[in-house]
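1. need a structure here:
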Amino acid sequence: MQTSIIAFDSFNSLKDAEAHERIRAAKAKLGKRVVLLVHHYQRADVYQHLDLTGDSLKLSRLAGETDAEYIVFCGVHFMAEVADILSKPNQIAILPDLAAGCSMADMASLSKVERCWRELREVLGTPDEQVTPVTYINSAADLKAFCGEHGGIVCTSSNAPKILEWSFAQREKILFFPDQHLGRWSGHKMGIPLEDMVVWDPDQPYGGLTHDQIKRAKMLLWKGHCAVHQMFQPSHIANWRAQHPDGFVISHPESAFDVCLNSDYVGSTEYIIKIVKEAPDNTQWLVGTELNLVNRLAEEVKHQGKLVQFMSPMVCMCSTMQRIDPQHLAWTLENLVEGKVVNQITVPAHEAALAKLSLERMLAVS
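-> Residues are numbered from 1 along each chain as shown. Here you go, the predicted model:
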């Protein structure tokens, strides 16, 4: 007799302690059939149940290497899509809460990118010969497929400068989406003048640019950003340095250009963790990235006398990542114990093939 899917309603009121107990019990029953991939930004009460963790690049690789039947992704929607694209045909990618999206990823849609490409064709004649489309991994699968179809590539915050080098070797210009800040900082690191990196506003005809600006630009930066990293300001750094003159500032490249420029170190979440953990004892750090990661890092290095502080005076975490909670995770795993899959993420085959092409280009270059 087949059982039906267990409804979430009965889990919504679960106390956290009971949810944790049921997660552990379900994981024990499933054994190696399930693997939990957990992003660094995930909330602490879910992070404790991880099997594997990392930033977007590391988790992209791990998604394709695991042999588990079920890949439960504690992150956001685009990450689960990457897991589905890079995993084996017999594996199932699952997102415990379908509401866990990414506001940055939502700032670039396929329809708007395709309209941009048509407008570039009007101005440049042959964008496929002149422009390499580069999408940040924080984007939907259909945009990764767009890049695959048009000779483009995916990047992460870890490998963006290297990806830009590859992209310029293909064509003379880059269309970079959806995060303007990562694109601008990566271009700056390559020595591209700021005036040669113009912002493309998808809600304006021709991105709000003149034909001459488009023709002269080296990089067209999509008008998108991360709501968390957008909070950080140079004034936060100035205030910190006044109180901690011997301290260090480290920021994620999704932060605004002036924040990165005023930081001692700039890099991905994996880079931030590495630099702070390997730093001498008793050093002081101001960290410009997501709060859950900063709090976890602060606890992990506290015994070394290190002070780690979140850059913004306002508390802010990735609200969509926060949607993955112990209750949703317990519900997901208990359904798997009963042989029922909930919230499977499946990228259509044609789209997945093109997206995989752009992801594989990234993995080969990086």
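
2. distance of residue 203 from residue 278?
-> As judged by Cβ to Cβ, to the nearest Å, residue 203 and residue 278 stand 43 Å apart. Yep, even glycine has a C-beta here, placed from its N, CA and C like the rest.

3. ditto for residue 323
-> Residue 323 is 33 Å from residue 278, by Cβ to Cβ.

4. so between these two, which is more surrounded?
-> Per other Cβ atoms under 10 Å, whichever of residue 323 and residue 278 has more neighbours is residue 323, with 17 against 8.

5. pretty sure that one sits against residue 99.
-> Yes - using Cβ atoms under 8 Å, residue 323 makes contact with residue 99 at a distance of 5.0 Å.

6. quick one, phi/psi of the closest residue to residue 326 other than its chain neighbours?
-> Nearest residue to residue 326 in three dimensions, chain neighbours excluded: residue 19, at 3.7 Å (Cβ to Cβ, 6 or more residues apart in numbering). Per-residue torsions, residue 19: phi -60, psi -40 (degrees, to the nearest 10).

7. tell me who's in contact with residue 19.
-> 11, 325, 326, 327, 329, 330 (Cβ atoms under 8 Å, 6 or more residues apart in numbering).

8. tell me which element the first one is part of?
-> In this case it means residue 11. In this structure, residue 11 sits in helix 9-12 according to DSSP states H and E.

9. in that helix, which residues are buried?
-> residue 11 (16 or more other Cβ atoms under 10 Å).

10. quick one: list the elements packing against that helix.
-> With contacts taken as 3 or more Cβ pairs under 8 Å, 6 or more residues apart in numbering; DSSP states H and E, helix 9-12 sits against helix 326-337.

11. compute the mean per-residue pLDDT across the helix it packs on, please.
-> Helix 326-337 shows a mean pLDDT of 96.

12. next one: stretch 174-186
-> Stretch 174-186 carries an average pLDDT of 97.

13. measure it end to end?
-> End-to-end distance of stretch 174-186 (Cα to Cα, to the nearest Å): 12 Å.

14. for stretch 341-352, same thing?
-> Using Cα to Cα, the two ends of stretch 341-352 sit 21 Å apart.

15. who touches that stretch?
-> For stretch 341-352, the external contacting residues (Cβ under 8 Å, 6+ apart) are 5, 70, 73, 77, 80-81, 83-85, 92-98, 141-142, 145, 331-332, 335, 355.

16. buried residues in it, which are they?
-> For stretch 341-352, using 16+ other Cβ under 10 Å, the buried residues are 342, 343, 345, 347, 351, 352.

17. what's downstream of the one helix or strand residue 187 maps to, the next helix or strand?
-> Secondary structure assigned from DSSP H and E places residue 187 in helix 180-189. Toward the C-terminus, helix 180-189 is succeeded by strand 197-200 as the next helix or strand (DSSP H and E).

18. which strands or helices does that next one pack on?
-> Secondary elements touching strand 197-200 (3+ Cβ pairs under 8 Å, 6+ apart): helix 180-189, strand 219-222.

19. need these in JSON lines with mean neighbour count and distance to residue 264, can you?
-> Shown next, in JSON lines, are the helices and strands packed on strand 197-200 (neighbours: other Cβ atoms under 10 Å; distance: least, Cβ to Cβ, whole Å):
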{"stretch": "helix 180-189", "mean neighbour count": "23", "distance to residue 264": "14"}
{"stretch": "strand 219-222", "mean neighbour count": "24", "distance to residue 264": "25"}
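
20. and those as TSV, adding distance to residue 42?
-> Formatted as TSV, these follow (distance: least, Cβ to Cβ, whole Å):
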stretch	distance to residue 42
helix 180-189	21
strand 219-222	26
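
21. and residue 46, which of those is closest to it?
-> helix 180-189 (25.8 Å; Cβ to Cβ).

22. need the residues that contact the closest one.
-> Identification of contacts with helix 180-189 by Cβ under 8 Å, 6+ apart yields 134, 136, 155, 157, 160-161, 163-164, 174, 176-177, 194, 196-197, 199, 218-219, 221-226, 229-230, 253-257, 260, 266.

23. can you tell me which helix in this structure is longest?
-> Determined from DSSP state H, the single longest helix within the chain is helix 349-365.

24. for residue 250, give me phi and psi.
-> Dihedral angles (degrees, to the nearest 10) for residue 250: phi -130, psi 130.

25. what's the answer for the one 3 residues further on, then?
-> Dihedral angles of residue 253 (phi, psi; degrees, to the nearest 10) stand at phi -70, psi 0.

26. the nearest residue to it once chain neighbours are set aside and residue 39, how far apart?
-> Counting by Cβ to Cβ, 6+ apart, residue 185 is the residue found nearest to residue 253 once chain neighbours are left out, at 4.5 Å. Computed as Cβ to Cβ, the residue 185 to residue 39 distance reads 21 Å.

27. please, where are all the helices along the stretch 51-200 of the chain?
-> Using DSSP state H, counting those that start in this stretch, the helices of the stretch 51-200 of the chain run over 56-65, 77-86, 110-124, 127-130, 141-149, 160-170, 180-189.

28. now those helices as JSON lines including distance to residue 209?
-> Output for the helices of the stretch 51-200 of the chain, formatted as JSON lines (distance: least, Cβ to Cβ, whole Å):
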{"stretch": "helix 56-65", "distance to residue 209": "29"}
{"stretch": "helix 77-86", "distance to residue 209": "27"}
{"stretch": "helix 110-124", "distance to residue 209": "9"}
{"stretch": "helix 127-130", "distance to residue 209": "14"}
{"stretch": "helix 141-149", "distance to residue 209": "20"}
{"stretch": "helix 160-170", "distance to residue 209": "20"}
{"stretch": "helix 180-189", "distance to residue 209": "13"}
